[in-house]
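[1] I would like the atomic coordinates for the input below:
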Amino acid sequence: MTRRKKTVLVLLSIFPGLPLLLIAVALAIRGCDEPPPYDADLKVQRLDIPDDQNAFTYFQQAARKLNLPKPDAPLARQAQDDKNEADEPQNERQLYDETARGERWDGPLVERVLKDNAEALALWEKGLAAPHYQAPEVKTFSDLAPHVLADLGIANLVKLRACVAAKRGDFEGAFGDDLKLARFGYLMQAGKGCFFEYLVGIAIVKGMGFTALRDTLADSTVASARLRDLAAQLSKCPADTGLADAFRNEYEIQLEFVGGIVNGKYTPSTVKAHSFPAVRNMDPRVELLWGIVCPSVFKPQQTRRICAEIARSRVANVGKLFKDMTPDDMTPCECPSWRAALPGNPLGQLLCRNMLPDAYGALELKCCANVELAATRLLLALKAYKLEKGKLPATLAELVPEYLDSVPLDDYDGKPMRYNAAKRVVYSVGKNLADDGGSGTRAEHVAVKRKEAEAAGEKWTDEDQKGAEQQFNEWDQPDACFEIEF
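    Below is the predicted model of the structure:
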């Protein structure tokens, strides 16, 4: 018998026992798992609140009364500011949505929708007066917290009501609704709900409440004493602790997922479906390997420990300035190569790194909202100063203590917010942490875009001008500038 034939026979005799060998190795690796980690500090501390004292109860009742235009409702009339037939909305819901986003205005439609939703808005107001707000617990990745979208629908109604008041010259009513929107957003942020609810809450605070208040301020005719009072009210806005609970909530969801993998509820394909693109587009060889080996070698306790360490680091970052945050452990890891997936706990590593939300983006949003609060307070004080003195101050220090108790701090670097009297802006240093002297106004942004177009030999049109103005985002500029438009 040749040497080659002997080798084949030996391999064939071993092959039937190979699966048993793999199982034995997998069980040995599984047996190397570690004790359960300490994670009591990562539990969301929920309160026992009676329904009649929980604002959530009334917000839910308001959501059930919502009566917004339907997508199949035909347009009864053309929008007041339609210019291009190709851009005209196709139905009432599209027109309403564009109006809510500020892309056009249709007064009669808004008036009718507000009338149709008077009961919903009254219930929402009742919720704002309740002593507590706590959202339901979200326990799995499949729970999407459906009430959040209804809350956003109510917020859009209130924003439109504030716009109507401002257009009628009722600036007191407009300011009142702007402040209510900010309070509503803060309630959603701090309501111990899911991460998605936190993000919607911060969008309502930042993109509706404070933005609408600054827009109203530009044309308002209210007395300086009222503006000072508004600035003082905003100084009492709560510190953002909701993001820490949102991270804790996500950690609890991860624990449920870990348990689901152990008991067979979730499979590697489920992990792939709930993960980031780096995992969804994984090497097929890796996916095959995980499907065969990972369930056997998955280490649940080690996975829990790694998840806990990441969540704990994220919670610790919530109270920090942007400059002091530690982003290295807050970004999803890349999907490992098929060779790297063989040893250790590959499924657990992927679960830990790729199923928590984007912490860095959320932490930056928190800083943005804090800066917008500071800028809004400054603009209120500056307008009050101008009404009384007939001019703007040379420095922000002149606002203290008559108009502000102190100059608000920039949440990016912890120093007082900046002011450029010549450019008529208050500003933050932004994420580059460099003071560029208030560089990054809307006019400067449009000028850059026009220069780029002309350099490329393109004709600059009115539509280009409008598009550049609409695309402006102060947070994409060297400094985040808030212009003084009064």
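
[2] name the helices or strands packed onto the helix or strand encompassing A308?
    A308 belongs to helix 300-318 when elements are defined using DSSP states H and E. Packing contacts for helix 300-318, counted by 3 or more Cβ pairs under 8 Å, 6 or more residues apart in numbering; DSSP states H and E, involve helix 242-262, helix 346-354, helix 359-389. Backbone N, C-alpha and C define where each C-beta goes, glycine included.

[3] Contact partners for the residue nearest to D72 when sequence neighbours are not counted?
    In space, D72 comes closest to N91 once its chain neighbours are excluded; the distance is 6.7 Å by Cβ to Cβ, 6 or more residues apart in numbering. Shown in contact with N91 (Cβ atoms under 8 Å, 6 or more residues apart in numbering): 69-75.

[4] picking up where we left off before, what's the closest of the helices and strands packed on helix 300-318 to L160?
    Nearest to L160, of all those, is helix 359-389, at 20.1 Å by Cβ to Cβ.

[5] now the angle between helix 242-262 and that closest one, please.
    On the basis of axes from the mean of the first three to the mean of the last three Cα atoms, to 10 degrees, helix 359-389 is oriented at 160 degrees to helix 242-262.

[6] Could you give the separation of helix 359-389 from the chain centroid?
    18 Å (Cα atoms, centre = their mean, to the nearest Å).

[7] what's the answer for stretch 111-125, then?
    Offset of stretch 111-125 from its chain centre (Cα atoms, centre = their mean): 26 Å.

[8] Show residues contacting that stretch.
    Here stretch 111-125 has contacts from 58-59, 61-63, 65-69, 96, 154, 157-158, 160-161, 164, 180, 184, using Cβ under 8 Å, 6+ apart.

[9] May I see the buried residues of that stretch?
    Buried residues in stretch 111-125, counted by 16 or more other Cβ atoms under 10 Å: 113-114, 117, 120-121, 123-124.

[10] avg pLDDT for that stretch?
    Here stretch 111-125 scores 97 as its mean pLDDT.

[11] what's the span of it from first residue to last?
    Stretch 111-125 has its terminal residues 19 Å apart, counting by Cα to Cα, to the nearest Å.

[12] need the helices and strands packed on helix 300-318 in a markdown table with mean neighbour count, can you?
    Output for the helices and strands packed on helix 300-318, formatted as a markdown table (neighbours: other Cβ atoms under 10 Å):
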| stretch | mean neighbour count |
| --- | --- |
| helix 242-262 | 21 |
| helix 346-354 | 23 |
| helix 359-389 | 22 |
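
[13] wouldn't T395 be in contact with Y419 here?
    Yes: the pair T395 / Y419 is scored as a contact, 6.7 Å apart, by Cβ atoms under 8 Å.

[14] Out of the contacts of N91, which is nearest to L255?
    P71 (39.6 Å).

[15] The nearest residue to E172 once chain neighbours are set aside: neighbouring residues, count only.
    Leaving out its chain neighbours, the residue that sits closest to E172 by Cβ to Cβ, 6+ apart is V222, at 6.2 Å. Neighbour count for V222, taken as other Cβ atoms under 10 Å: 18.

[16] For V222, give its distance to L230.
    According to Cβ to Cβ, to the nearest Å, V222 stands 8 Å off from L230.

[17] any residues in contact with both of the two?
    F175.

[18] Least confident secondary structure element in this structure?
    Taking mean pLDDT, DSSP states H and E as the measure, the helices and strands of the chain show their lowest mean at helix 18-30, namely a mean of 52.

[19] Tell me the buried residues in stretch 304-315?
    Buried, per 16+ other Cβ under 10 Å, within stretch 304-315: 304-308, 310-315.

[20] and if you look at stretch 315-323?
    315, 317-318, 321-322.

[21] will you turn those residues into a markdown table that also has pLDDT and distance to G457?
    Listed next are the buried residues of stretch 315-323 as a markdown table, based on pLDDT from 0 to 100; distance: Cβ to Cβ, whole Å:
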| residue | pLDDT | distance to G457 |
| --- | --- | --- |
| V315 | 93 | 52 |
| N317 | 93 | 46 |
| V318 | 92 | 49 |
| L321 | 94 | 45 |
| F322 | 94 | 40 |
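
[22] rewinding a little: neighbour count winner among T395 and Y419?
    Y419 (23 against 10).

[23] Tell me the spacing between that one and E469.
    24 Å.

[24] E458: what secondary structure?
    coil (DSSP: H, G, I helix; E, B strand; the rest coil).

[25] Stretch 228-239: end-to-end distance?
    End-to-end span of stretch 228-239 (Cα to Cα): 21 Å.

[26] any weak-confidence spans in the protein?
    Scanning the chain for pLDDT under 70 picks out the ranges 1-31, 76-87, 141-142, 144, 268-297, 327-344, 353-356.

[27] Quickly list the domain ranges of it.
    According to automatic domain parsing, the chain comprises the domains 3-38+245-361, 417-486.

[28] Distance from the last one to the middle of the chain?
    Right, domain 417-486. 23 Å.

[29] same question, stretch 198-205
    The answer for stretch 198-205 is 6 Å, by Cα atoms, centre = their mean.

[30] ok, now stretch 308-320?
    That offset, for stretch 308-320, works out to 17 Å (Cα atoms, centre = their mean).

[31] how about G173, what does it touch?
    162, 165.

[32] quick check, it in a helix?
    Yes: judged by three-state DSSP, G173 forms part of a helix.

[33] what ranges do the strands span in the protein?
    Applying DSSP state E to the chain gives strands spanning 418-420, 425-428, 480-483.

[34] returning to what we had before: the residue nearest to D72 and N317, how far apart?
    N91 is 44 Å from N317, by Cβ to Cβ.

[35] Please apply the same query to R377.
    Distance from R377 to N317, by Cβ to Cβ: 25 Å.

[36] what does E388 give?
    E388 is 41 Å from N317, by Cβ to Cβ.

[37] One more: E483?
    Between E483 and N317 the distance is 31 Å, computed by Cβ to Cβ.

[38] cool, L347 as well?
    In this view, L347 and N317 are 27 Å apart by Cβ to Cβ.

[39] before we move on, what about L199?
    Taking Cβ to Cβ, one finds L199 at 16 Å from N317.

[40] same question, V205
    19 Å.

[41] try K466
    In terms of Cβ to Cβ, K466 sits 39 Å off from N317.

[42] Compute the number of surrounding residues for D178.
    D178, neighbours per other Cβ under 10 Å, totals 27.

[43] How many residues are close by the residue nearest to it when sequence neighbours are not counted?
    Ranked by Cβ to Cβ, 6+ apart and with sequence neighbours excluded, the top spatial neighbour of D178 is L213, at 4.0 Å. For L213, the neighbour count with other Cβ under 10 Å is 24.

[44] Check A455 too.
    8.

[45] Kindly report the same for A223.
    So A223, with other Cβ under 10 Å, has 12 neighbours.

[46] how close does the nearest residue to it once chain neighbours are set aside sit to V318?
    Among residues not flanking A223 along the chain, L387 sits closest, at 7.5 Å (Cβ to Cβ, 6+ apart). Going from L387 to V318 by Cβ to Cβ gives 38 Å.
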